[in-house]
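S.K.: Below: sequence and its predicted model.
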Amino acid sequence: MLGDIVGKPGRQVLHELLPGLMQSEQIGLCVANGENAAGGSGLTVAVARDLLNLGIDVLTSGDHVWKKREIQSIIDTEPRLLRPANLSPEASGRGFGIFEARGGEKVGVVNLQGRTFMKPADCPFRAARRIVGEMSVETNVIVVDFHAEATSEKVAMGWFLDGQVSAVVGTHTHVQTADERVLPNGTAYLTDLGMTGPHESVIGRRTDRVLKALVTQMPHAFDVAKRDKRISGAILSVQPETGRATEIRRVQLCSQSET
């Protein structure tokens, strides 16, 4: 599972390093948050297709899912593209699905959005309970991308779903945390996967632009940075028969190219 892909630099480092990572680690299913993959905010049709063709099996998203309106043209027909399941039930797209891993196992993927310091959304905990109950009839292996701002809300979701899903991992803050663990009942947990993109930045944006805005309190364009491109995420090991996680391991890979 990979953290928020930010702009062209995030896509570049994936093209450079993801195929090798998938092969060397014998990855069965790759889930990545792509809501900032186009220009640093939003997702276009072309970018979504490029990422899916690269080997990413499922693209999750969050509060910026509608930033590029054109994504609405495919989100109803592309099952590998998810939006938070606890948005309005009248919103386009779907918030979860069951996908086949390379070994033939069925893997449920759930996309949820937090409510603390975030845009309005329905209760993610009630949504999780309902969706996991439905999916567990078909598979024991279920992973959750919880796109949320508050650390406490993410930690709470981990404990709420411990023993019911294989993993709860957070996205949105673009800073990888170091609290990976397998909870007592077999759910792997990490507060934030981090950012797949330019790390010589302020969470993906040019430092000079962000600092000007903060110091002057005047608006400035937050252009996507370019340097120190990295893949950030985590590799999960799960027992397919039980759905229990046996390991969660943080990953950071650095690009060898600055072009």
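M.R.: Yep, that arrived.

S.K.: Could the C-alpha coordinates of stretch 94-105 be exported in CSV?
M.R.: In CSV, the C-alpha atoms belonging to stretch 94-105 read as follows (Å, rounded to 0.1, in the frame of the first residue of the first chain):
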residue,chain,number,x,y,z
ARG,A,94,-17.9,3.4,-5.2
GLY,A,95,-16.0,3.3,-1.9
PHE,A,96,-15.0,-0.4,-1.7
GLY,A,97,-14.5,-3.4,-3.9
ILE,A,98,-13.1,-7.0,-4.0
PHE,A,99,-10.1,-7.6,-6.2
GLU,A,100,-8.1,-10.6,-7.2
ALA,A,101,-4.5,-10.7,-6.2
ARG,A,102,-1.8,-12.2,-8.4
GLY,A,103,-2.0,-15.5,-6.5
GLY,A,104,-5.8,-15.7,-7.0
GLU,A,105,-6.8,-14.6,-3.5
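
S.K.: what about this protein, any weak spots by pLDDT?
M.R.: 259 (pLDDT under 70).

S.K.: Look up phi and psi at the residue nearest the centre of it.
M.R.: Note on the chain: the residue nearest the mean C-alpha position is residue 33, at 3.0 Å, using Cα atoms, centre = their mean. Phi and psi for residue 33, reported as degrees, to the nearest 10, are phi -90, psi 120.

S.K.: tell me, how many neighbours does the closest residue to it other than its chain neighbours end up with?
M.R.: Once flanking residues are discounted, residue 33 sits nearest to residue 171: 4.4 Å by Cβ to Cβ, 6 or more residues apart in numbering. Quick note: C-beta positions are derived from backbone N, CA and C, even for glycine. Using other Cβ atoms under 10 Å, residue 171 has 30 neighbouring residues.

S.K.: Kindly report the same for residue 194.
M.R.: By other Cβ under 10 Å, neighbour count at residue 194 equals 25.

S.K.: what does residue 109 give?
M.R.: Neighbours around residue 109, by other Cβ under 10 Å: 24.

S.K.: now do residue 177
M.R.: So residue 177, with other Cβ under 10 Å, has 16 neighbours.

S.K.: for the closest residue to it other than its chain neighbours, what are its contacts?
M.R.: Nearest residue to residue 177, sequence neighbours excluded (Cβ to Cβ, 6+ apart): residue 191, at 4.1 Å. For residue 191, the contacting residues are 151, 154-155, 170, 177, 179, by Cβ atoms under 8 Å, 6 or more residues apart in numbering.

S.K.: try residue 188
M.R.: 166-169, 180-182, 234, 236, 238, 245, 247-248.

S.K.: CA atoms only for whichever helix in the chain runs longest, dumped as CSV, please.
M.R.: For the chain, the helix that runs over the most residues, judged by DSSP state H, is helix 7-24. Extracted as CSV, the C-alpha positions of helix 7-24 are listed here (Å, rounded to 0.1, in the frame of the first residue of the first chain):
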residue,chain,number,x,y,z
GLY,A,7,2.1,15.3,-9.1
LYS,A,8,4.5,14.4,-11.9
PRO,A,9,7.4,13.7,-9.5
GLY,A,10,5.3,11.0,-7.8
ARG,A,11,4.4,9.4,-11.1
GLN,A,12,8.0,9.6,-12.2
VAL,A,13,9.4,7.7,-9.2
LEU,A,14,6.7,5.1,-9.6
HIS,A,15,7.7,4.5,-13.2
GLU,A,16,11.3,4.2,-12.1
LEU,A,17,11.0,2.0,-9.1
LEU,A,18,7.6,0.4,-8.7
PRO,A,19,8.1,-2.5,-11.3
GLY,A,20,11.3,-3.6,-9.5
LEU,A,21,9.7,-3.3,-6.1
MET,A,22,6.7,-5.4,-7.2
GLN,A,23,9.0,-8.1,-8.5
SER,A,24,11.6,-8.2,-5.7
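
S.K.: by contact count, what packs against it?
M.R.: strand 4-5, helix 45-54, strand 195-198, strand 229-238, strand 245-254 (3 or more Cβ pairs under 8 Å, 6 or more residues apart in numbering; DSSP states H and E).
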